[in-house]
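Visitor: sequence-free structure coming up:
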């Protein structure tokens with residue numbers, strides 16, 4: 001896609017501002033809008049803050065910010081767009097409503113993409129007349145620092161549309177992966193939450209503390225995951241050993257299809273997470289900011305040592 005064509009982003013929050021940053025930095029003109037006036041009015045400030053956190057110098061920051069144009073409403077934002085990314089909250093009816101507006105207001109040849117973590121793309125796009133041009137793009141948080149974007153096809157997606165999106169993301173220096181079937185959670189979140197389900201079960205059943213779970217992951221297999229995927233590792237140790245281990249442990253792993261009751265117990269006790277001062281673990285003032293900064297610094301270092 002030629003870079004004089006426009007990208008539109010619907011939603012200027014955590015994910016939307018990062019998506020806008022990525023394409024502006026790649027040289028595209030980006031229009032962005034949000035229903036909340038304060039969120040829209042501060043989007044450039046937040047993009048600038050993210051660029052500083054990434055170590056981008058002032059000259060490039062100014063150039064990137066010049067590519068981003070806040071728009072007062074959705075029709076204005078998408079009027080000339082070649083690709084539209086929806087980055088609204090994870091509410092199915094809201095996303096369906098946005099795509100109904102996009103179908104009405106975006107150019108007929110614009111690719112329509114939804115950023116969602118777990119909602120099936122086919123559910124979001126079911127009411128569209130032009131479902132062939134709709135695709136899922138699951139960006140990871142923070143989108144401007146995590147390379148992966150999952151490109152999700154539905155049964156209606158034109159293969160050329162999916163491949164055009166894949167190529168666009170490559171051009172923007174992301175790491176796209178094609179998801180051939182539209183399943184809840186796609187690839188990454190199915191893997192991630194299988195781990196979380198077992199981690200929660202270990203704590204809920206008194207096998208270990210939450211601190212122990214985190215320490216085990218960070219001090220063992222978590223250290224190699226960035227350079228050795230699970231199936232690479234299975235091939236490395238051998239299929240026979242993998243099969244033998246599974247024969248001894250899989251039967252005892254957590255398999256409940258519903259969210260753990262322990263999660264509701266924590267919420268009922270006011271332990272809703274780090275921002276509240278407690279969740280699975282107890283937290284102090286300043287831990288939330290310090291943790292975000294630590295993760296950002298880690299991701300920035302990985303950029304210098306890992307291939308995309």
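Guide: The structure has been received and is ready for your questions. Please read all numbers here as calculations on a predicted model, not as lab measurements. Numbers count the residues shown, from 1 in each chain.
Visitor: where does stretch 204-218 sit relative to the chain's centre, distance-wise?
Guide: 25 Å (C-alpha atoms, centre = their mean, to the nearest Å).
Visitor: list the buried ones in that stretch?
Guide: Judged by neighbour count using 16 or more other C-beta atoms under 10 Å, the buried positions of stretch 204-218 are 204, 213. C-beta here means a position set from N, CA and C on the backbone, and glycine is covered the same way.
Visitor: quick one: contacts of stretch 35-42?
Guide: 12-13, 32-34, 70 (C-beta atoms under 8 Å, 6 or more residues apart in numbering).
Visitor: wait, stretch 203-219
Guide: The contact list for stretch 203-219 (C-beta under 8 Å, 6+ apart) reads 195, 199, 202, 260-262, 280-281.
Visitor: now, which of those residues lie within helices?
Guide: 195, 199, 202, 261-262 (DSSP state H).
Visitor: Select from the residues you listed the one having the most neighbours.
Guide: residue 199 (19 neighbours; other C-beta atoms under 10 Å).
Visitor: OK, contacts around that one?
Guide: By C-beta under 8 Å, 6+ apart, the contact set of residue 199 is 213, 217.
Visitor: what stretches of the chain score poorly on pLDDT?
Guide: Along the chain, the model assigns pLDDT under 70 to residues 1-4, 308.
Visitor: what domains does the record give for it?
Guide: Domain assignment for the chain by automatic domain parsing gives 6-179, 188-305.
Visitor: can you give me the strands for the stretch 1-150 of the chain?
Guide: Secondary structure of the stretch 1-150 of the chain (DSSP state E, counting those that start in this stretch): strands located at 6-10, 29-33, 68-70, 81-86, 111-114, 134-139, 148-152.
Visitor: Redo those as JSON lines? Include mean neighbour count and distance to residue 236.
Guide: Conversion of the strands of the stretch 1-150 of the chain to JSON lines gives the following (neighbours: other C-beta atoms under 10 Å; distance: least, C-beta to C-beta, whole Å):
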{"stretch": "strand 6-10", "mean neighbour count": "29", "distance to residue 236": "40"}
{"stretch": "strand 29-33", "mean neighbour count": "23", "distance to residue 236": "42"}
{"stretch": "strand 68-70", "mean neighbour count": "20", "distance to residue 236": "44"}
{"stretch": "strand 81-86", "mean neighbour count": "25", "distance to residue 236": "37"}
{"stretch": "strand 111-114", "mean neighbour count": "26", "distance to residue 236": "35"}
{"stretch": "strand 134-139", "mean neighbour count": "26", "distance to residue 236": "28"}
{"stretch": "strand 148-152", "mean neighbour count": "23", "distance to residue 236": "22"}
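Visitor: Distance to residue 237 added to the ones you listed, as a markdown table?
Guide: Below are the strands of the stretch 1-150 of the chain laid out as a markdown table (distance: least, C-beta to C-beta, whole Å):
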| stretch | distance to residue 237 |
| --- | --- |
| strand 6-10 | 43 |
| strand 29-33 | 45 |
| strand 68-70 | 47 |
| strand 81-86 | 40 |
| strand 111-114 | 38 |
| strand 134-139 | 30 |
| strand 148-152 | 25 |
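Visitor: hmm, back to that, ok, the ones in helices among the contacts of stretch 203-219 vs residue 231, which is closest?
Guide: residue 195 (15.1 Å; C-beta to C-beta).
Visitor: The residue nearest to that closest one when sequence neighbours are not counted: helix or strand, and which one exactly?
Guide: Leaving aside its sequence neighbours, residue 195 sits nearest to residue 217 (C-beta to C-beta, 6 or more residues apart in numbering; 7.9 Å). According to DSSP states H and E, residue 217 maps onto helix 210-219.
Visitor: what do you get for residue 176?
Guide: Per DSSP H and E, residue 176 falls inside strand 175-179.
Visitor: Neighbouring strands - and their directions - for that strand?
Guide: Strand 175-179 sits in its sheet next to strand 148-152 (parallel), going by DSSP bridges.
Visitor: Need the residues that contact whichever helix or strand comes after the strand it pairs with.
Guide: Of the helices and strands lying after strand 148-152 in sequence (DSSP H and E), the nearest is helix 159-171. By C-beta under 8 Å, 6+ apart, the surrounding residues in contact with helix 159-171 are 1, 26, 83, 111, 113, 132-135, 137, 149, 151, 153, 175-176, 178.
Visitor: what's the spacing between helix 159-171 and its chain's center?
Guide: Counting by C-alpha atoms, centre = their mean, helix 159-171 comes out at 17 Å from the chain centroid.
Visitor: That helix to strand 81-86, inter-axis angle?
Guide: With axes from the mean of the first three to the mean of the last three C-alpha atoms, to 10 degrees applied, the angle from helix 159-171 to strand 81-86 works out at 80 degrees.
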